[in-house]
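Visitor: Predicted model and sequence below, questions to follow.
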Amino acid sequence: MIRILAALAGLVFAGVALISFVSGAITFFTEEPIHSAEHEFHAHPHAPEGGFQFDGPLGTWDTQQLQRGLKVYDEVCAACHSLKYVAFRDLKDLGLSEGQIKAYAASKQVPGIDPNTGEAIMRPGEPTDYFPSPYPNAVAAAAANNNAIPPDLSLMTKARHNGSDYVYSLLTGYTDPATYEHDGKRLMEEFPNFDTPLGLYFNPYFANLNLAMAPPLGVDGQVTFDDGTEATVSQMSKDVAAFLTWTAEPKLVERRQTGWAVMVFLLFATVLAYFAKRQIWSSVKPKKA
C-alpha cells in the first residue's frame with residue numbers, strides 16, 4: 001500500500017512539473033515581446049577606461065585612489081547619502097594614520113547624549129563612531145529630495161549587478177534624451193512620447209531611465225585632489241566607485257589572497273595524498289583476470 005501511495009505521489013509531482021513546463025513554453029513562444037523605452041534603451045554598465053586595479057583574481061587596492069574616492073564622497077555625496085555601516089576607524093585601511101583618522105572624525109558632528117542632562121546632542125565624532133547621516137530621519141530626507149529618499153551607499157556596489165561599473169556608469173551617464181542613441185536607434189524616434197518629468201533627470205543606466213538625483217559630478221575640478229591628480233568627471237567617478245567598492249567589501253583583496261593560499265594548499269595536499277597512496281598500496285599487486 002505504501003509503495004502504491006508513493007508511486008501516486010510521484011506521478012502527481014511529475015504531472016505538475018510537466019504542466020508547468022508546457023505552460024511556460026507556451027507563454028514563452030506566444031507572448032508579445034516587451035516594447036518600452038525602459039526595456040530597449042536601458043544601457044548596461046561599463047568599466048572605466050583601464051578598469052579598476054582591484055579587478056581580477058590578482059587585483060589589489062589602490063590606496064591613493066581610495067583616498068581620492070573618500071574625498072569625493074565627503075565633499076559631494078555626503079550631502080545626501082549616508083554611509084552608516086562604515087566607522088571612521090576603518091579608514092586605516094585607506095592608509096590614514098591614527099592622527100588623521102581622529103582629526104577627520106572630529107570634523108564630523110554625530111548624535112550623542114549629554115552626560116549631565118541626558119538630552120540628545122550633536123558632538124564631534126570619534127574614531128569608533130560611524131559616518132553620520134546627513135538627515136535626522138527619512139521624512140526629512142524625502143522632503144529635501146523631491147520625496148525620493150537617497151539610499152545609503154555603504155553596500156551599494158553589492159546591491160547592484162556589476163556594482164563598481166554601475167556606480168561609475170551612472171555618475172558619468174547623464175545625457176540629453178533628445179539626442180540619446182542605443183544600438184543604432186534614437187530614443188525619441190522610437191518613442192516620441194517619452195518624457196523626463198520635472199524634477200527628474202535622464203540617465204540610461206538607471207532602470208527606468210529617469211531618476212531624482214541631479215548630476216552630482218557636473219564639471220571638472222569639482223574636487224581638488226591632494227595628490228595632484230586631475231579631477232575630471234570621469235576620474236572623480238572612477239575614484240568614488242572604487243571607494244564604495246571598498247566600503248561594501250573591505251576584505252575583497254584579502255579574501256582573494258586567502259583563496260589563492262587555499263588553492264595552493266589543496267594542490268599540495270592532493271599531490272601528497274597521491275604519493276601516500278602509491279606508498280601504502282605499493283606492495284599490493286592487482287589480481288590477474
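Guide: On my side now, so go ahead.
Visitor: Which element, helix or strand, includes the closest residue in space to Phe88 that isn't next to it in sequence?
Guide: Nearest residue to Phe88, sequence neighbours excluded (CB to CB, 6 or more residues apart in numbering): Ala105, at 4.0 Å. (Each C-beta comes from the backbone N, C-alpha and C, glycine too.) Using DSSP states H and E, Ala105 sits in helix 98-106.
Visitor: buried ones in that helix?
Guide: Going by neighbour count (16 or more other CB atoms under 10 Å), the buried part of helix 98-106 is 101-102, 104-105.
Visitor: helices and strands around the helix or strand following it, which ones?
Guide: Next along the chain after helix 98-106, taking DSSP H and E as the criterion, comes strand 109-113. The contact analysis (3 or more CB pairs under 8 Å, 6 or more residues apart in numbering; DSSP states H and E) places strand 109-113 against strand 120-124.
Visitor: Contacts made by the strand it packs on with the rest, please.
Guide: Around strand 120-124, the neighbours that count as contacts under CB atoms under 8 Å, 6 or more residues apart in numbering are 105-114.
Visitor: same check, this time on stretch 45-59
Guide: Contacts for stretch 45-59 (CB under 8 Å, 6+ apart): 60-62, 65, 161-162, 164-166, 168-170, 205, 234, 237-238, 241-242, 245, 252-253, 256, 259-260.
Visitor: So which of those residues sit within helices?
Guide: Taking DSSP state H as the definition of helices, the contacts of stretch 45-59 contribute 65, 164-166, 168-170, 234, 237-238, 241-242, 245, 252-253, 256, 259-260.
Visitor: Glu98 reaches Lys92, doesn't it?
Guide: Yes. Contact criterion CB atoms under 8 Å: Glu98 and Lys92 qualify, at 7.5 Å.
Visitor: so Trp246 touches Asp90, yeah?
Guide: No. Using CB under 8 Å, Trp246 is not in contact with Asp90; the gap is 9.1 Å.
Visitor: Among those two, which residue is more densely surrounded?
Guide: Using other CB atoms under 10 Å, the more surrounded residue of Trp246 and Asp90 is Trp246, with 25 against 17.
Visitor: what's that one in contact with, if anything?
Guide: 61, 66, 69, 93-94, 252.
Visitor: which of these are buried?
Guide: Of those, these count as buried by 16+ other CB under 10 Å: 61, 66, 69, 94, 252.
Visitor: Against Phe202, how distant is the last one?
Guide: When CB to CB, to the nearest Å is applied, the distance between Leu252 and Phe202 equals 32 Å.
Visitor: Then the first one?
Guide: Summarising the geometry, the distance separating Trp61 from Phe202, computed by CB to CB, is 34 Å.
Visitor: so where is this structure shaky, pLDDT-wise?
Guide: Along the chain, the model assigns pLDDT under 70 to residues 25-35, 286-289.
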